[in-house]
Every structure is written in C-alpha cells, then in structure tokens.
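Engineer: No letters, just coordinates:
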C-alpha cells in the first residue's frame, strides 16, 4: 500500500493464512513460525528506511509464534484478524511493505488501511515508530525494549518472555528503569517494583490471562515458562527532548537467576521519521526460541 498525500492512518487491519488449518485447503502446510517470519515495514515521508520494522506477531502484541485472541484500545488479535488503531501521521506520503522470510509458505495477505487525507499536518504531529528487539538474556542483564534519540513521547510496549527451564517465571522480578534525556541506568528518573507490576499485574499474574484497553496478558503458560504482556501509555505518555531508554532489570543476585529469551516491540513517536537503531535480526535469530507450542518435541517433566 502506498500514497503520496498528506494525512493520518487511523486504522490498520490485516490477516493471512498459513499459521492455522485451512478448511478450503486441508492439505496446505501449517507453520505458526510464519507469525515471526512475516515482516511488517512502514515508511513515512518518502524516506528510504522504515520507521516500523517488526515481525507481524510481535507488532500486534504476542511473540512466541502464537496467535492469541485479545482486544485492547490500540492493538489486538481478533478472531483471525490483526488490528492497530495507533494514529500514524505523515506529510509526504507513506508506504506499507510486507516481506516473507518463510522457506515454503506463501504470503497471501489481506490488508485494509484507513487514512484521512489532510490539507496539512499539525506542527506538533509526530511520526509513529516501532522498535523490535529479541534475544537471550542470562538472567541478570538489563533487558532493553527501547533506546532512541530525538524529541518525542513513548506510548507503550509489548513483551514476550520464555524461560529456558520449565515452571520458571522469576524473570518477572525485573522492574522498569526509564532514563529520560540521559542514559545512566544507575540513576533513572522512573524505577518500578517488578516487571509484572509495570503491566499493572501482580504476583506473577497469579490469576492468569486477561486483557484490558491499556494493559493485559494475552498469554501465560507457566509450565512452558511463557508470558506475553502489553501496556499502553495514553494520558501517562512519557515525553523526552533528547533521548529515552526503557529497560527491565532484575535486582536479584545473579546466581539466583536463569536464562530466558525475549522479544519486544516498543511504540513511540518522534518529531521526524527516523531509521531503526539496529538492523532486524536474521531469520535464525528470529526463530531462536527454546520451544514453540505444538511444534517442539521436548518432553515435559
């Protein structure tokens, strides 16, 4: 999809087969890793680089190569569809691209984009960005979800985490450390009380999955040590003038902590469109999960 007008995207919806059984094509290949192999890119103002670059599943709030129905104010997965209501202003056009990294499943994409054509943008209208990160953490290291420079405001994130060992959720002990206009993690302006607390839960989300307009847990599988969480900032958006760093850091002693894998998408606006601060990982790194539900063959103790 592409336009050269001035305007604002108000709704983005898409869907595609390949990750579920198809009644019209029962012999079709099924592989939920397509949710990580299909890459969404959004370009603003004629720039050659995307301001949004993320696997589809992660952009819409759930990593782990799983589809989980949930509804929120800005993002959701609803009965087979994926939607976003993040406003996305642009002055000199915008373009949406999809890249399929899967070896054998084709990308048959159905897409709807609603945008409002405008005579001009408000001078304060920022450009929407999404920063994707993934990797393995030995346990005690800070887990960054956003590092950016420029002037703007942070409006939330979605995080998926998976412990290497079964029945391990101690990675949720890590509170948020938010550094505004400086990068001194030892002296952040905002420090929380726990990772699940940042997502408005408590006690490792003791009552399980839930979803609300601004926060939720679409996926919690304690046995497989898997959790997906989201939180959006609306009236509590965090503004910055020069830079912002958002990370989660576990205060426990290193010997008490165990490895986990994670993926995250941070959503924020900058005064102008900027390129991602790091390249998207290669396919091998994108699919480096300890286990993928319904595809792994590890025995459960």
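Structural biologist: That came through fine. Keep in mind that what you see is a predicted model, and the values were worked out from it rather than measured.

Engineer: C-alpha only now, for contacts and for neighbours.
Structural biologist: OK.

Engineer: Show me the helices in the stretch 51-200 of the chain, by range?
Structural biologist: 56-59, 195-198 (DSSP state H, counting those that start in this stretch).

Engineer: Put together JSON lines for those helices, with mean neighbour count, mean pLDDT and distance to residue 17 on each row.
Structural biologist: Supplementary listing: the helices of the stretch 51-200 of the chain in JSON lines, determined by neighbours: other Cα atoms under 10 Å; pLDDT from 0 to 100; distance: least, Cα to Cα, whole Å:
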{"stretch": "helix 56-59", "mean neighbour count": "26", "mean pLDDT": "98", "distance to residue 17": "13"}
{"stretch": "helix 195-198", "mean neighbour count": "20", "mean pLDDT": "98", "distance to residue 17": "33"}
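
Engineer: For residue 204, which of these is the nearest?
Structural biologist: Between residue 204 and the helices of the stretch 51-200 of the chain, the tightest spacing by Cα to Cα is seen for helix 195-198, at 6.1 Å.

Engineer: how far is that closest one from where the chain is centred?
Structural biologist: Centroid displacement of helix 195-198 relative to its chain, using Cα atoms, centre = their mean, to the nearest Å, is 16 Å.

Engineer: what's the distance between the spatially closest residue to residue 62 that is not a sequence neighbour and residue 125?
Structural biologist: With Cα to Cα, 6 or more residues apart in numbering as the criterion, residue 62 has its nearest non-adjacent residue at 5.8 Å, and that residue is residue 228. Distance from residue 228 to residue 125, counting by Cα to Cα, to the nearest Å: 30 Å.

Engineer: higher neighbour count, the two?
Structural biologist: Comparing residue 228 with residue 125 by other Cα atoms under 10 Å, the one with more neighbours is residue 228, at 25 against 18.

Engineer: element containing the more buried one?
Structural biologist: In the assignment (DSSP states H and E), residue 228 maps to strand 226-232.

Engineer: Quick one: list the elements packing against that strand.
Structural biologist: strand 152-163, strand 215-221 (3 or more Cα pairs under 8 Å, 6 or more residues apart in numbering; DSSP states H and E).

Engineer: Note down every partner strand of the first one and its orientation.
Structural biologist: Using DSSP bridges, the strands paired with strand 152-163 in its sheet are strand 226-232 (antiparallel), strand 238-240 (antiparallel), strand 260-270 (antiparallel).

Engineer: right, and the ones you listed - which one's nearest residue 280?
Structural biologist: strand 260-270 (12.0 Å).
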